[in-house]
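Chemist: Fold the following and give me the result.
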Amino acid sequence: NGPRKNTSDLYAGKLTLRFNDSNNVAVSVFGDPKKNTGPQFVLAGPPSTYQGTTATGSADYSAHYNGVFGSSFVVEGQAGKHSEKTNTSGPGASIPNVLDRTGAQAVASGGFGFFENDTFDRKTAKLAVGKFWANHDFKIGADYEDMNANVNEFDGGAGERIQKLQSSTGAIYYSHRYFINDLAPGFDRANPATWVLAVPLSSSPQTKNTAAYIQDAWRILPTFTLSAGLRWEKQQVIGRGGVQAIDLSKNYSPRIGFIWDVENNGRSKAYANYGRFFEAIPLDINIRAFGGELSCICNNFSPDPANFLQDPLATLPIASGGTVGKRPSLLGGSTEPVDPNLKGQHIDEYIAGYEHEMGSNLVVGVKGTYRKLANVIEDMLIGTTGSYLIANPGSGIGREAGFYDGGNVITPAAQRNYKGVELSARKRFSNNTQFLASYLWSRLEGNYDGTFQASTGQLDPNINSAFDYADFIVNNSGLLSNDRTHTLKFDGSYQFSNGMFNGLQVGLTTYWQSGTPLTAVGYSAAYQNWEYYLTPRGALGRGPSDYEASAHIGFPLNMGPTRIMLVADVFNILNRQAKTVLDQRFNRINDAKCTGITGACTGDGGIGTVAGTITPAGSVNLAAAPNPSFLQAGTAFDAPRSIRIGARVSF
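Modeler: Numbering: from 1, shown residues only. Below you'll find the model as predicted:
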């Protein structure tokens, strides 16, 4: 990746004030400002496209109070502040980025690709009061969190990214991508002559989270404890100009569970828990959906950054019903509307298990887990209005979704269900040995990967592309991207206690896991990514299984009151650099939109459907995939062997 220079300054401090035996306050501070100089982007062109400096780092301050009053009251309070920043600079920050995709390999020129210069600030406060009464451990509390940010987005150096592309007929065209300043005087979304580049696109989002809870642990019998509680949460998502976009104030989370000493000897326990957990919506939605993020992907025949508007001739028909480029796309808006009856996204989790101490310090157990995601919050094209809204897919305004080529369909609710059974054996440190071994059988299925959309590599919580068009819902139900049926893990260590190796520590960490599901995915010209499920999810079997082993060695040197621990860690001992994920892209960027699809095909390259449904009306011939790397080449690999050597000094 080229030479890099990293400098960092770490500092930390803690002060504890003990007023008396019952009251104390601890104050701490931590910071890690750092600077990285060298390649900041993928090396695919001259230094101006990747060479620069990124300054990052954070500072944290916190204070914690703990007090005991009488013999049964405990009071805890905490306040804290976290600040962080990211700033990328260099010559390429002021030069448009150009990516030539007409050859076998993409070649970059000009300046940087997409980057952000941001500052974030988070303040928190917590207060809890506990009361011990008879066989009850009673507690009430409240939390408050205030998050602010100042975000500056650069859609390429000088605010523009240009792709040089070639149609299936050989025509060369240029796709210009940039943010539009919708606050510029005279701006008219329908009139390209009024469009001005936003360099950068700036926003100052804010989120406020408030919560209160009550809980009780009731020891009904010496061997049986019942726990129950209720948590209430309120979330206020605030976008550009201080306007509140989302207000979720009916988030109630019940919790209940028990622990039972089955054999009444302290050597076994049966347990079960149910809990509801609401998502704290990350700031990304404030920035992208409520921060004025309006971007254009406009096509013309000019590589000139100053000539960035759509050329009507760049949408002429070509083979297979596509176009030389594609119709111009304006993505986003000043503030995306929200379903006024939006419900909070949450997970319902059920856990049950049993553990038994087999012998001295050895515990074996079995645990079952079931998680169900509900009321997902996503942006989507609403079929009844033809507009993008933030909604709960499958309910409320999100009950109907729109297709890319027009029309709408009843939307299935977003689903992500996890089932798992885990067997484990745990040996606490004794006789110089400790280990943890486990086997997990699991199943992850539904039609929604989650806040990180692993199928497309998109990390935009609550505004991923999953439900943007009804076309993306076709074939999307089945085994999800990160499903692995079997996982084996072992972590163990041994410490020598005599002879010349006295104090030597050796450890081993290893795992094996089955492969992830395979699906044929299709390219979307509108999104410039592989968004379509051309076969049902997981219908093409599984990718390669994966395994790895790493080792740790530590040896102490005692020098009077000073102790030096020499350590060495070897990651991937076997130096295994195998494929972990196969290429699931059925077609390539430059293939005609419907290449390989028989039957109905959409204007953007997806499979068409039976009218009014998401039932596929087309299919693909897997043996004739236009992409020669389909299910052959790897897109992710095990990292090569690496060794880390160090020393810890204590005195």
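
Chemist: C-alpha from now on. contacts and neighbour counts both.
Modeler: Fine.

Chemist: What sits closest to the residue nearest the centre of the chain if chain neighbours are left out?
Modeler: Closest residue to the average C-alpha location of the chain: Phe452 at 3.8 Å, with CA atoms, centre = their mean. Spatial nearest neighbour of Phe452, excluding adjacent residues (CA to CA, 6 or more residues apart in numbering): Leu459 at 4.8 Å.

Chemist: again, but for Asn300
Modeler: Asp311 (4.7 Å).

Chemist: where's the one you found relative to Asp121, distance?
Modeler: Separation of Asp311 from Asp121 (CA to CA, to the nearest Å) stands at 43 Å.

Chemist: The residue nearest to the centre of the chain and Ala149: what is the separation?
Modeler: Taken as CA to CA, the span from Phe452 to Ala149 is 21 Å.

Chemist: do the same with Val620
Modeler: 46 Å.

Chemist: ok, residues contacting the helix or strand encompassing Gly130?
Modeler: Assigned by DSSP states H and E, Gly130 belongs to strand 114-133. Strand 114-133 is contacted from outside by 72-88, 137-157, 161, using CA atoms under 8 Å, 6 or more residues apart in numbering.

Chemist: just how off-centre is the helix or strand just after it within its chain?
Modeler: Sequence order places strand 136-155 as the next helix or strand after strand 114-133, per DSSP H and E. Mean-position distance between strand 136-155 and its chain equals 18 Å (CA atoms, centre = their mean, to the nearest Å).

Chemist: angle of strand 136-155 against strand 114-133?
Modeler: 170 degrees (axes from the mean of the first three to the mean of the last three CA atoms, to 10 degrees).

Chemist: what's strand 136-155 packed up against?
Modeler: Under the contact definition 3 or more CA pairs under 8 Å, 6 or more residues apart in numbering; DSSP states H and E, strand 136-155 sits against strand 114-133, strand 172-179, strand 201-203, strand 206-221.

Chemist: contacting residues around the residue sitting furthest away from the middle of the chain?
Modeler: The centre of the chain is farthest from one residue, Gly499, which by CA atoms, centre = their mean lies 49.1 Å away. Listed by CA under 8 Å, 6+ apart, the contact set of Gly499 is empty.

Chemist: And for Gln505?
Modeler: Counted by CA under 8 Å, 6+ apart, Gln505 has contacts Ser493, Tyr494, Gln495, Phe496, His552, Ile553, Gly554, Phe555.

Chemist: and what of Tyr274?
Modeler: With CA under 8 Å, 6+ apart, Tyr274 has these contacts: Arg255, Ile256, Gly257, Asp348, Glu349, Tyr350, Ile351.

Chemist: what bridges to the first one?
Modeler: Looking back up the chat, that one is Arg255. Gly229, Gly275 (DSSP bridges).

Chemist: Surely it and Gly229 touch.
Modeler: Yes: Arg255 is within contact range of Gly229, at 5.1 Å (criterion: CA atoms under 8 Å).

Chemist: so where is the stretch 51-200 of the chain shaky, pLDDT-wise?
Modeler: 168 (pLDDT under 70).

Chemist: got the contact list for the residue nearest to Asn300?
Modeler: Contacts of Asp311 (CA under 8 Å, 6+ apart): Cys298, Asn299, Asn300, Phe301.

Chemist: Quick check: it vs Asp247, distance?
Modeler: 42 Å.

Chemist: Tell me the helix or strand right after the helix or strand of the chain with the lowest mean pLDDT.
Modeler: Sorting the helices and strands of the chain by mean pLDDT, DSSP states H and E puts strand 329-332 at the bottom, at a mean of 70. Later in the chain than strand 329-332, the nearest helix or strand by DSSP H and E is strand 346-359.

Chemist: residues in contact with that following strand?
Modeler: Against strand 346-359 from outside (CA under 8 Å, 6+ apart): 267-279, 363-376.

Chemist: what do you get if the cut-off is 7 Å, keeping everything else the same?
Modeler: If you take CA atoms under 7 Å, 6 or more residues apart in numbering as the criterion, strand 346-359 is touched by 267-279, 363-375.

Chemist: now stretch 434-446
Modeler: Residues contacting stretch 434-446 (CA under 7 Å, 6+ apart): 415-428, 477-480, 483-494.

Chemist: My read is that Gly186 contacts Ala193, right?
Modeler: No: here Gly186 does not reach Ala193: they are 9.8 Å apart, not a contact under CA atoms under 7 Å.

Chemist: and stretch 99-119, C-alpha only, in PDB?
Modeler: The C-alpha coordinates for stretch 99-119 follow below in PDB (Å, rounded to 0.1, in the frame of the first residue of the first chain):
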ATOM      1  CA  LEU A  99     -12.200   6.500 -12.700                       C
ATOM      2  CA  ASP A 100     -11.700   4.900 -16.100                       C
ATOM      3  CA  ARG A 101     -13.800   1.600 -16.200                       C
ATOM      4  CA  THR A 102     -13.400   0.900 -19.900                       C
ATOM      5  CA  GLY A 103     -10.600  -1.500 -19.500                       C
ATOM      6  CA  ALA A 104     -10.100  -4.800 -17.600                       C
ATOM      7  CA  GLN A 105      -9.000  -2.900 -14.500                       C
ATOM      8  CA  ALA A 106     -10.300   0.400 -13.200                       C
ATOM      9  CA  VAL A 107      -7.700   3.200 -13.500                       C
ATOM     10  CA  ALA A 108      -8.000   6.400 -11.400                       C
ATOM     11  CA  SER A 109      -6.800   9.900 -12.200                       C
ATOM     12  CA  GLY A 110      -7.300  13.400 -10.800                       C
ATOM     13  CA  GLY A 111      -7.900  13.600  -7.000                       C
ATOM     14  CA  PHE A 112      -9.500  11.800  -4.100                       C
ATOM     15  CA  GLY A 113     -12.600   9.800  -4.200                       C
ATOM     16  CA  PHE A 114     -15.400  10.300  -1.600                       C
ATOM     17  CA  PHE A 115     -14.300  11.500   1.800                       C
ATOM     18  CA  GLU A 116     -15.600  13.300   4.900                       C
ATOM     19  CA  ASN A 117     -14.200  15.800   7.400                       C
ATOM     20  CA  ASP A 118     -16.300  15.500  10.600                       C
ATOM     21  CA  THR A 119     -16.500  16.300  14.300                       C
END
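
Chemist: Can we start the residue count at 32 from this point?
Modeler: From this message on, residue numbering opens at 32, which makes the last subject stretch 130-150.

Chemist: ok, back up a step: tell me which residues of the strand holding Gly161 come out buried.
Modeler: 145-162 (16 or more other CA atoms under 10 Å).

Chemist: Next, count neighbours for Lys45.
Modeler: 12 (other CA atoms under 10 Å).

Chemist: tell me the contacts of it?
Modeler: So Lys45 contacts Val58, Ser59, Val60 (CA under 7 Å, 6+ apart).

Chemist: can you put the residues you listed in TSV and add secondary structure, pLDDT and neighbour count?
Modeler: Below are the contacts of Lys45 laid out as TSV (DSSP: H, G, I helix; E, B strand; the rest coil; pLDDT from 0 to 100; neighbours: other CA atoms under 10 Å):
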residue	secondary structure	pLDDT	neighbour count
Val58	strand	97	17
Ser59	strand	97	15
Val60	strand	97	16
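
Chemist: of these, closest to Arg250?
Modeler: The closest of those to Arg250 turns out to be Val58 (CA to CA; 35.0 Å).

Chemist: which residues does that closest one contact?
Modeler: Contacts of Val58 by CA under 7 Å, 6+ apart are Lys45, Leu46, Thr47, Ser93, Ala94, His95.
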